[in-house]
Structures are given as structure tokens and as C-alpha cells.
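S.K.: requesting a structural model of the entry that follows:
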Amino acid sequence: MGRHSLPDDYEAEGHRDGPPPRRRRTVAIATMLVLAVAAGTAVAAQGGLLSFSESCEDSTVRLSMAASPDIAPAMRAIADKARADEVRSDGRCLDVDVVARDAYKVADALATGGKSVDYQVWLPDSDLWLDRAKGLGDGIPITPADSVASSPVALGMVPSASEELDWPEKTYSWAELVASAMRSDKVRLGAADPARSATGLLALAGIGASSDKQGGDSDTRVAETAKVLAQRMSDSDAQVLETLAHDSSGAEDGNPKRNQAVLVSEQAAFTHNAEATGGGKLDLFYPKDGTPLLNYPYTLVDEPKLSTHQSRAALRFMTLLNDPGSRTILTRHGFRPVDGTAVDSVVASAGGRDPQPYATSAAEAPSARALQETLGMWTITVQSARLTTVVDVSGSMATPVPGRDQSRMDVTKASLIQALGQFTADDEIGLWEFATTLDGEKDYRELMPARRLGDPAKGGGTHREKLSAAFAGLQPVPGGATGLYDTTLASYEAAQSSYVKGKFNALVILTDGSNQDAHGISRSALIDRLKQLADPQRPVPIIAIAVGPDADRDEVSAVAKVTGGGGYEVSDPAEIQAVILQAIMTAGENGRASQE
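M.R.: A predicted model of the protein is given here:
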């Protein structure tokens, strides 16, 4: 939107040299803080629908907004008020149609970019969806602006359960709170799927960060928490609230499996309590180590294709969300201001009470890498994985990594060993290596078959220990080139022939170069063969990771996408662990979506 001048009523308010944005964003379209509502004459509602007066009928700019279901009602109320007040952008009346859509569905649609979208503005509940929407960079472009509201993530309990944990007097860290809830035989804990819910993912990341501070084997503790949550998982925040007990016994309608506690946003608890009665209302625990915030980033979709009028109208509506009338509407719907400042009336209605630290500063937002690792951990915890790891051992893997006293192979091995620690004893992992003429005429060799990491190995120890030693023993082959295509086909055929139903089956290929075997299969022939082999009923996505500046991500992406996987690029081999976990999450989610 930087290519356009500002719409009506903005420059006139003296904002040309306004303050910098409250938060870092990729563009400068969100520096406005206050905007006076354009003058206009309100019109009456007819049949429950607001319509424009004659002065607007021939001069209206229309926008469609896809909003997270929790904030969609507030956005509709603000859009209706703007329509009634005949708010204008460049002399044209502003007409915004708000449609409620799950953020994960919008993010996946934008990332794939398969078809055009029917909305110009997207308002997800968290900016974590923005990274997911950007995907591999070949989807529909998005232009993020500033946040328009916030809501902290907390743990809600029905009164019978909160009394067990001495609410509201006793306060807990995230790790302590979840551990206490899980230890109680009177508290059943539910959550929305972190792969589909920002609330669930931010809570799980917060639990992980809190557990790290406790020391010890925090990864194991978080994985155990994830397993418990997975057993009582719902697809969405709305659905998880429907699992709550409605009376003090927690067994309404003879159902002893209802939850007494849920990971939930303050706003969701606010809305739930407005409709619940008696023992079905929630009390909120606010962890003392800070609660992560849902932050509702205002985002333009395919901004280069917007008309000038649409682009300026989108900016006009965004600034309108900061005026006092809009802020009142957002508060009335249970939202906090952008900075997370507690609103006493909202907190009380949501179930918060002193001395719970509901006014404590928000926890530091987890990094994109931390979220990727959390999602990867969640995926392999919920559904055991069966992976074949195929590692390039061509001579170029001996190349030093800039800024490190290590080779590409050294850093790759360390990252693989670290990633191995994220997998459970039920996961099955094997190892291949490849370089030209590695094994006679073959470019590849199986070092370890895919077996359960917890299984005993020949000679003592476990398969995990033997696999870790095999990773550590990988060495570049002097003069060896990259026999990528033949290896990909052979390892894919092997992984598919040994497919295990009920597990997440995948092939992970790491290479630092493009195919250099002129005597093997061509790329076009490989892709054609993979298309023939790919079976939706036995999916084995290829996760191809291009390591270093000499690797060709476009090449590995073209091959991987045929199987339902994807190609990734890392400049530093140390990033491999996070990318593997992110790729597992993405491929696992895509596979689940394709079966729905």
C-alpha cells in the first residue's frame, strides 16, 4: 500500500510525521494510531440489514474480510456502524463484508496459491499464521500491517476443578499449572489441536519454555503433556469449549469424559461465560511467568492486485479500528487493547480474579523456529513417525561452513543427532547415504533399516543409540559427486514398499548440491515415475532439504511436491533440525487435510 497516498481524513489529522509502529512489520502501512470517523448521516435498519442512503448508492467501495471466528462478530459490528455512519474513503462510502474463516484454513489456502481468493483483507487471530501462509514463497502474497486487538492465552477450569488447585489464591507457572492439573484425578484437561489453533500452539510453546526453566529432561515432560492433550484434542477452540462439563460433578448427561479444564483465550472464556450458567462457567488461571497473546494482525491479501480504491479503503478501515467507538465495540466483545493491557470488566467476565496475575506483562512471543519445533514435536507425538533419512556424502560435504571450524558434514551430523532427540521410542527411523558409485554402480547404500528407536539392537543398546552412532560416522567420499535422482527413486520405492499404516511415513533427503550423475535417470523421468508410484492411500511425502549455497531448492522442490512433500533450503546446516520438524508438521497436516 505504500504506493498510494493516504485516504480521506488521515493526512488532515496531522499524522504525516507520526510515531513509529508499535510492532515490527514488513511494511509501513500501520503507523496510524487515531482516526476521526468521517461525518455522515446514520440510516435506519430495515429488516435487520443496514443499507446506504441514496448518496452512497452510486459511490461505494466494497471489501471482503476473512476474519478469525472469534473476532468476526466484533468486525461485523464495526463494519455495520461504518456503513450506518456512511464512513468514506476518498469520497466513497465504505462497505466491508466480514466472513468468519478458520485461520489455519486461510493460511493453507494462501500458501498453496492454487486459486484466487474472494477476500482482500485477512484478520487471523495470531501472526504465527502469517509464516504458514507464506509457505515456500510461491503462494498468494500477503502484506501484514499492525495488530488491532489482543487476548491472552490462559487455562480455564470449571469451579469444581479450580477449587482443587486453590484458585484464585494460588499462582503457578505454565509448567507447574499443567503438571498440577494432570496429577489431579478430578481435572481432565482438553485443548484445541496446535496444528489448527493458535491458542493451542502458543500454550504448548509456553509450557515448553516454562519447562525449560525448570531444568532436567524438559523435552520428555513436554512430550508427555502433548500425549495427554492429544488424547482429549478438539479441532478448534469453539469445539474444545463444547467439551466442558456443565455441572459441578463434571458428568452431565451421564458423560464422565467431559473436560474440567481447557487451554483457552481470555476472549473465548469471556464469550463462554456470557452464555454458561452455574458450574459451567470458567475460572481462569493466568500463569505467573506470563501469558502469550493472540494479536490479530490486519493483513492485505494479494495487495498488488487491489485497485487503488480498494487499497485505500482497506487502510481507511484499519485506521477506523483504532477510534474510540471501535475500541468500545472490541471491549464489549471481550478483547484487550493491542498492547495487552488488562481491562477489568473483561477479566472479571472471563473468570479472572485477584490475586491471579492477569495484569502481568505478556510472555515474550516465541520465535518462528521455536513454533516450528513445537509443531514438529506435536506431530510426531500425536502420530508416530516412520522416516528414512537419506544423507548426501559427496565430496562437497567436506566444505567448511563460513564462521565455523566445521565442515558441512560435521554440522549436518550434529543437527541430525539433535533432531533425533525429539523422536519417541515408538518412532521408526532408518538411514541411507549417497554419492556417485558409492556401492559399485549404485549411488546409494542403506546403513540402518527403519526400526523402532526403542527396540533392542544387535550387540546391545537400542536402535536409537546405533542410529546416533551411524549419524556420527558419516563421512564425505573424496571425489564423490551427487547422485541425487537415482537415490531418490530407489529410497522412495523402498520407503513405499515398507509403508506402515497408522504412522506418518516420509522420506527425508538432505543434499548440498544438484544431481551430477549424467548416466542415471533424468529429472523428468524421475518425476514421471514418482507420479506413477505415489499412492494417496499409502502416502510417503518426500521432505527434501537443500543445504548450503550450492544446493538447488527449486530442483528438490519440483521432485518433492509430486509426492505431497516439499523442498526446503537452509544456508547453515545447523538449521536442519528445525526445518525437519517444520516439514514433518507441514507434510503431516497436508496429508490429514487431503483425507478429509
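
S.K.: what sits against Gly520?
M.R.: Applying CB atoms under 8 Å, 6 or more residues apart in numbering to Gly520 gives the contacts Asp443, Gly483, Tyr485, Asp486. (Glycine included, C-beta is placed from N, CA and C.)

S.K.: from those, which is closest to Ala111?
M.R.: Taking CB to CB as the measure, Ala111 sits nearest to Tyr485 out of those, at 26.9 Å.

S.K.: which helix or strand contains the closest one?
M.R.: Using DSSP states H and E, Tyr485 falls within helix 484-497.

S.K.: can you check what angle separates the helix or strand following that helix from helix 484-497?
M.R.: Scanning forward in sequence from helix 484-497 by DSSP H and E, the next helix or strand is strand 504-511. On the basis of axes from the mean of the first three to the mean of the last three CA atoms, to 10 degrees, strand 504-511 is oriented at 160 degrees to helix 484-497.

S.K.: next, the buried residues of strand 504-511.
M.R.: Across strand 504-511, burial judged by 16 or more other CB atoms under 10 Å covers Phe504, Asn505, Ala506, Leu507, Val508, Ile509, Leu510, Thr511.

S.K.: about what we covered before: return the member of the contacts of Gly520 nearest to Pro324.
M.R.: Relative to Pro324, and with distances defined as CB to CB, the nearest of the contacts of Gly520 is Tyr485, at 63.0 Å.

S.K.: what number of residues lie near that closest one?
M.R.: Tyr485 has 23 neighbours, counted by other CB atoms under 10 Å.

S.K.: equivalent analysis for Thr360, please.
M.R.: Neighbours of Thr360 (other CB under 10 Å): 17.

S.K.: for the helix holding Tyr485, packing partners?
M.R.: On a contact count with 3 or more CB pairs under 8 Å, 6 or more residues apart in numbering; DSSP states H and E, helix 484-497 meets strand 385-392, strand 428-439, strand 442-452, strand 504-511, helix 523-533, helix 553-561.

S.K.: in a markdown table: the buried residues of strand 504-511, plus pLDDT.
M.R.: Formatted as a markdown table, these follow (pLDDT from 0 to 100):
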| residue | pLDDT |
| --- | --- |
| Phe504 | 86 |
| Asn505 | 92 |
| Ala506 | 92 |
| Leu507 | 94 |
| Val508 | 94 |
| Ile509 | 94 |
| Leu510 | 93 |
| Thr511 | 91 |
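
S.K.: how does the protein divide into domains?
M.R.: Per the record, the chain has its domains at 11-147+297-332, 152-293+344-366, 383-594, by automatic domain parsing.

S.K.: circling back: let's have the contacts of Gly520 in JSON lines, adding pLDDT.
M.R.: Listed next are these as JSON lines, based on pLDDT from 0 to 100:
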{"residue": "Asp443", "pLDDT": "93"}
{"residue": "Gly483", "pLDDT": "90"}
{"residue": "Tyr485", "pLDDT": "94"}
{"residue": "Asp486", "pLDDT": "94"}
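
S.K.: quick one, phi psi at Pro297?
M.R.: Taking degrees, to the nearest 10, you get phi -80, psi 130 for the backbone angles of Pro297.

S.K.: and it, what pLDDT?
M.R.: pLDDT recorded at Pro297 is 98.

S.K.: that older thread, farthest-separated two in the contacts of Gly520?
M.R.: Spatial extent of the contacts of Gly520 (CB to CB) is set by the pair Asp443 and Tyr485 at 8.7 Å.

S.K.: before we move on, the earlier item: could you flag which of the contacts of Gly520 are buried?
M.R.: Buried subset of these (neighbour count, 16+ other CB under 10 Å): Asp443, Gly483, Tyr485, Asp486.

S.K.: of those, closest to Ala574?
M.R.: Nearest to Ala574 among the buried ones among the contacts of Gly520, with distances taken as CB to CB, is Gly483, at 25.4 Å.

S.K.: OK, contacts around the closest residue to that closest one other than its chain neighbours?
M.R.: Among residues not flanking Gly483 along the chain, Asp443 sits closest, at 2.7 Å (CB to CB, 6 or more residues apart in numbering). Under the criterion of CB under 8 Å, 6+ apart, the neighbours of Asp443 are Phe434, Ala435, Thr436, Thr437, Gly483, Asp486, Thr487, Asp517, Gly520.

S.K.: gap between the two ends of stretch 381-398?
M.R.: Taking CA to CA, to the nearest Å, stretch 381-398 runs 34 Å from one end to the other.

S.K.: which stretches of the stretch 301-450 of the chain form helices?
M.R.: Listed in chain order, the helices of the stretch 301-450 of the chain (DSSP state H, counting those that start in this stretch) span residues 308-320, 324-332, 344-350, 368-382, 408-420.

S.K.: mean confidence for the shortest one?
M.R.: Here helix 344-350 scores 97 as its mean pLDDT.

S.K.: what comes up buried for that helix?
M.R.: Buried residues in helix 344-350, defined by neighbour count with 16+ other CB under 10 Å: Val346, Val347, Ser349, Ala350.

S.K.: now do stretch 102-121, average pLDDT.
M.R.: In this model, stretch 102-121 has a mean pLDDT of 89.

S.K.: what of stretch 205-216?
M.R.: 85.

S.K.: run the chain-centre distance for it.
M.R.: Centre-to-centre, stretch 205-216 and its host chain are 19 Å apart (CA atoms, centre = their mean, to the nearest Å).

S.K.: now stretch 91-110
M.R.: Offset of stretch 91-110 from its chain centre (CA atoms, centre = their mean): 19 Å.

S.K.: for Leu204, give me its contacts.
M.R.: Leu204 sits next to Ala191, Pro194, Val222, Thr225, Ala226, Leu229, Thr374, Trp378 when contact means CB under 8 Å, 6+ apart.
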